[in-house]
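Novice: Provided below are the primary sequence and the corresponding predicted coordinates.
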Amino acid sequence: MKRTNAGILLALVVVVLLGAVSTTPALAQDPVPTPSVDEINAIAKRMYCPVCENIPLDVCATEACEQWRAMIGEKLALGWTEDEIFDYFVLLYGDRVLSEPPRTGINWLIYILPTIFVLIGIFVIVRGFLLWNKPLESLAVDRAEPVESDYISQMEEELKKRN
Amino acid sequence: MVSTLVSLGLGALVLSFIVALYGAAAAVYGEVKKKSHWVESARNSMLLTFPLLTISISMLIVLLLNNNFEVAYVSSVTSTSMPAYLKITALWGGQPGSLLFWSWLMSIFASVMTLRDWSRDREFLPWVILVALVTLAVFLLLVIFFENPFARLWVMPSGLVEDHVFGPAGAVLYTPTNGGGLNPLLRHPGMIIHPPMQYLGFVSFLVPYAYAIAALVTGRTDARWITISRKWTLWAWLFLSLGLVLGMRWAYDVLGWGGYWGWDPSENAALLPWLAATPFLHSVMIQEKRGMFKRWNMILVILTYNLMIFGTFMIRSGLLSSVHAFAQSAIGPILFALIAANLVVSVSLLSKRWKSLDTPTRMVSWLSREGFFLLNNLVFVAILVIVLLGVLFPLITESTGAIGDAFPSVADIFSGQKVTVGPDWYERATGPLWAALIFLMGVCPLSAWRVSTAKSLGRNIWKPTAVSFVIPIWLVITGMENVWAVMAFWMVALVISVTIYEFYKGALARSRKPNGKNFVVELGNLIVRNRRRYGGYMIHFGIVLMALGVVGIEMFQTETQATISVGEEMELGDYSVRYDNLAVFDTDDNRNVARAEVSVFKEGEFLEELNPRRDYYYESRQPVTIPGVRSSMEDDLYVLLVDWEEISVTSATFKLYHNPLVSWLWTGSIVLIVGTAVAAWPEKEKELAVAPARAAQKLSS
C-alpha cells in the first residue's frame, strides 16, 4: 500500500515537474499583442456573415458584423491562428461564412472543374484545327469559292431580271 | 382621379397583353395559311403594343409623381420627401415597375424592328414577330398576374392590409399618409441610368435572337440574318457593356467596399450574357467574311438570349440573394418555363437545320484571323462556364445534401451545406483566361484572313511588339518586382501599340495614295470609311485602358483603418489624412447625415478636403456610406467614415483605400462607348447601293 502511495506521489511530482517545464517557456513568452484593426480586417475580408449575404465581413456596417469583427479581435488577442478562427466560425455558422468553399467533399468540384473546362477547350481547339486544317494545295479550290457567294448570286439574279 | 389613372393603366396593360397574344397567333396563322394580310395584321399588333404600354407606363409615372400611396407599388418605392426625378426613376426601383418598364422597352425595340423595309426578307417577318410577341406576352403575363404595379392597398374585413388589383368583398381602400421611399442605395446617379441600360441591353438582344430563330424556321441559313441584325447586336452589346460599367461605378461610389466588382450573383448574372455576346460579335464576322461558324453563331445567339432570361430569373425569382437582387417573387417558375421553352424550341430547330448549317469552307491556317477568333471564342466560353459554375455552386452544394441524407455513407461528401463563392475564387479561376484574351486582342488584328504563317504574322507584329517591351523594361528598372503585374502591363502595352500601329499604317497608306490628303485628314477618313473595323479597334483600346485600371486595383490596392481624434492623422503609402471635423444633422429629405471633414496630404503637401459621410434614411431605416474620393489618373484615395464618437465627435474611425490606376477603368469605358458608337452608327444599307457595281464587275470578269 505504501509502495503504491509512493508511486502515485512520484508520478504526481513527475507530472508537476513536466508541467512546470512545459509551461515555463509559455510563461516566459511575451503576451500576445493586441491585434490591429487591419489585422482583424485581413481575416474578416475572407469571411461573410450569414445575414448580410455577399457583403464581406470587413466592410459590412451592421451591428452583428461589428460584433463578429470584435470576436475575431478577441481570438487573435488570445493567440489563435487564422485557421483556428475560421474553424471556430465554421463550427458555429457553417461553411458559408468562408469566402471560398472549404476543400472537402463535393466542394472539391469547384477547384477541379475550371481546369477540366480549360482542358476540354484546348481539346476542342486542337481537334477543330486538325479537322479543319487542309493542305495548302487545296487552296485553289477554296479560292474558287466566291466570298459572300449567296449574296452575289442573289444580286446577279436581280440584275438579270432588270436587264 | 386615382381610380381613373389605375383603370387606364391597367386597361392598357391588359389590352396590350391580349394584342400580343393575338399578334403571335395571327403571325403563325398568316404564315401557315399563306395569308399575308394576317401577317400584316400581326405586324400592326406588334406596333400597337408600344402606344398601349406607353399609356400604361405614363399612368404609373403620374401615380408615382402624385404620391398616390393607395397604389401598393407607389407606397413601396416613393415617399413625400423624394424629389420628382427620383419618383420617376422609382419606376424601375421595384419588381412590378421594372417589369413593366422592361416590357415597354421591349415593345419599342420590337416596333422599330418591324418598321424596317421587309421586302427582301419577307419570309422572316412572321417568325420575328412571333418570337418578339411571345416574349413580350410572357413578360406582360408576369406583370398582370404576379407583379401588378396597379394593385392597390385594401383593409380586409380581418383588419389586415393587403394589396389586390380588385377590392375583395368587404374590403375598404387604404391610403397610407406616406410611403416607404426608394431604397437609398438606388438614389445614386449611376443607379438611375444603370438599370435602363441593363434592360436595353437585355431587350435589344431579342432582335438578333428573333432573326436567328426566323432563319432556322425558314431554312434561310446564309449570313442574311446576321447582316440585318448586325447593328442591333452592336447596340445591344453597347447597352450591356454600359450597364456593367455603370453598375461598377455605382458599386464603387455607394457600396463602400473600396472596389467596383464583388463577383456578386447579380453582377455575374449581368456578366454572363455579355460573355456570350462578345464572342458572338466576333464570330459573326467570320461567317460574313468566310462563311464559317454558322452553327457556332446560332449556338452563341441562343445562349446569349437565354442567359439574359436566366439572369433575370436568378435575380428576380429570389433564387439567389444579393445586395442588388429583388425580393423573393412567384415569377420564378414562369421565367424558368420561358427559358425551358426557348431552349427546347431553339435546340430542336438547330438540330433540324444542323446539316444545312455546315459549310464547305475550311480553316486553312492555324495563325489566321479566324483561327485566333476561334481561340478568342473558346476563352470567352470557358470564362462563361466558370462564372456560371461559381454562381450555381452554392445551390449545387445545398441541393445535393439530399444525397447525403439518403445515403449516410456519403454524408461527408454531400453535406448539404451552403457555401459562399467569393472574389478570390473567381479571380484565380478566370484571371489567366482574361489575360489570354488581352493577349489575343494584341495579336489577332495583325493576322490575315485565310492564310497566315508564323513568318507573315511575325513580320506584321514585330514592330509594335518591340515598342511594347519598353513598358515592362521600364517597370523592372524602376523596381517593380511583381512578375504578374509586369506581364499584365506588357500585354496592355502590346494591345495599345498594335492598335495605334493599325491606325498609323492605315492612315499612312491612304495619305500616300496619289489623291491622298494629309495624314490627319486621312486618319479621320480611315475611321469614317471603315467604321466597323476601326470602331472595333477603338473598343479594344477602351478595353485595355479598363484592364489597366483593373490591374492597378487588383494587384496594388492597399488599405488601412484607424480611429483618430480631431487634428490627428493616419497614413497610407504616400498619403496622410487629417481628421478636422464632423457634423451630424438632419436634412429636408428625411436623412440624418454624419459628414466628416478630412484634409488629404501627399508627401506632406496639402491636396484637398474630402467629406466622407454616412447617411441614415429614416423612412427605410437604412444607412448608406458615401466615400470621399480624391481621384487622379495615377490613383484614387478612397476615404470611408466607418464610425464616430457620438455627441462629442472628438474621434472618428476612417478606412482608407489606395486604388492605383482605377480612373483608367472609367476612362476606358468612355473610349469603349465611343468606339461602339462608331462601329454601330446607322448607315444606309450598303448592299443595294454597291451591289450592282460589284455584281457587274463580277459578270464582266
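Specialist: Arrived safely, thanks for sending.

Novice: and B:Gly262, how many residues sit next to it?
Specialist: Using other C-beta atoms under 10 Å in any protein chain shown, B:Gly262 is surrounded by 23 other residues. For every residue, glycine as well, the C-beta is placed using N, CA and C.

Novice: and the gap between it and chain A?
Specialist: Here B:Gly262 is placed at a distance of 7 Å from chain A (C-beta to the nearest C-beta, to the nearest Å).

Novice: what residue is smack in the middle of chain B?
Specialist: Residue closest to the average C-alpha location in chain B (C-alpha atoms, centre = their mean): B:Leu240, at 3.1 Å.

Novice: separation between that residue and B:Trp274?
Specialist: Using C-beta to C-beta, to the nearest Å, one obtains 5 Å as the distance from B:Leu240 to B:Trp274.

Novice: show me what contacts B:Arg532?
Specialist: B:Ala679 (C-beta atoms under 8 Å, 6 or more residues apart in numbering or on different chains).

Novice: and it, how close does it get to B:Met285?
Specialist: According to C-beta to C-beta, B:Arg532 and B:Met285 sit 9 Å apart.

Novice: A:Asn54 too?
Specialist: Taking C-beta to C-beta as the measure, A:Asn54 falls 37 Å from B:Met285.

Novice: surely B:Gly262 touches B:Pro423?
Specialist: Yes. Contact criterion C-beta atoms under 8 Å: B:Gly262 and B:Pro423 qualify, at 6.2 Å.

Novice: and B:Thr563, its phi and psi?
Specialist: Here is the backbone geometry of B:Thr563 (degrees, to the nearest 10): phi -100, psi 120.

Novice: next, count neighbours for the closest residue to it other than its chain neighbours.
Specialist: Take B:Thr563 and drop its neighbours on the chain: the residue closest to it by C-beta to C-beta, 6 or more residues apart in numbering or on different chains is B:Thr653, 4.4 Å away. A total of 17 residues lie near B:Thr653 under the criterion other C-beta under 10 Å.

Novice: again, but for A:Ile120
Specialist: When counting by other C-beta under 10 Å, one arrives at 13 neighbours for A:Ile120.

Novice: per-residue pLDDT, it?
Specialist: For A:Ile120, the model assigns a pLDDT of 91.

Novice: point out where the chain drops to low pLDDT.
Specialist: Went with chain A since none was named. Counting by pLDDT under 70, the ranges of chain A that qualify are A:1-32, A:53, A:132-156, A:159-163.

Novice: I was after chain B.
Specialist: The model of chain B has pLDDT under 70 over residues B:190, B:318-329, B:683-701.

Novice: all strands of it, in order?
Specialist: For chain B, applying DSSP state E gives strands covering B:152-155, B:161-164, B:172-173, B:558-565, B:569-572, B:575-586, B:591-602, B:605-610, B:613-617, B:622-626, B:628-631, B:635-644, B:651-660.

Novice: angle of the last one against strand B:575-586?
Specialist: Read that as strand B:651-660. 130 degrees (axes from the mean of the first three to the mean of the last three C-alpha atoms, to 10 degrees).

Novice: for strand B:651-660, packing partners?
Specialist: Under the contact definition 3 or more C-beta pairs under 8 Å, 6 or more residues apart in numbering or on different chains; DSSP states H and E, strand B:651-660 sits against helix B:531-556, strand B:558-565, strand B:569-572, strand B:575-586, strand B:591-602, strand B:635-644.

Novice: can you give the contact residues for that strand?
Specialist: For strand B:651-660, using C-beta under 8 Å, 6+ apart, the contacting residues are A:37, A:59, B:258, B:552-553, B:556-566, B:570, B:572-573, B:575, B:577, B:579, B:582, B:596, B:598, B:612, B:634-645.

Novice: mind giving me the PyMOL command for buried ones among these?
Specialist: The buried subset of the contacts of strand B:651-660, as determined by 16 or more other C-beta atoms under 10 Å in any protein chain shown, is captured in PyMOL by this line:
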select buried, (chain A and resi 37+59) or (chain B and resi 258+552+553+556+557+559+560+561+562+563+564+566+570+572+575+577+579+582+596+598+612+635+636+637+638+639+640+641+642+643+644)
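
Novice: ok, B:Ile192 - contacts?
Specialist: Counting by C-beta under 8 Å, 6+ apart, B:Ile192 touches B:85-86, B:89, B:186.

Novice: again, 7 Å this time
Specialist: B:Thr89 (C-beta atoms under 7 Å, 6 or more residues apart in numbering or on different chains).

Novice: and what of B:Glu597?
Specialist: Taking C-beta under 7 Å, 6+ apart, we find B:Glu597 in contact with B:580-581, B:609, B:611.

Novice: 10 Å instead, please
Specialist: By C-beta atoms under 10 Å, 6 or more residues apart in numbering or on different chains, B:Glu597 lies in contact with B:566, B:578-583, B:609-613, B:628.

Novice: residues near the closest residue to B:Ile228 other than its chain neighbours, how many?
Specialist: Counting by C-beta to C-beta, 6+ apart, B:Ile228 lies nearest to B:Tyr211, which is 5.9 Å off, once chain neighbours are set aside. B:Tyr211: 26 surrounding residues under other C-beta under 10 Å.

Novice: contacting residues for B:Tyr211?
Specialist: With C-beta under 10 Å, 6+ apart, B:Tyr211 has these contacts: B:113, B:121, B:124, B:127-128, B:131, B:224-230, B:232-233, B:301.
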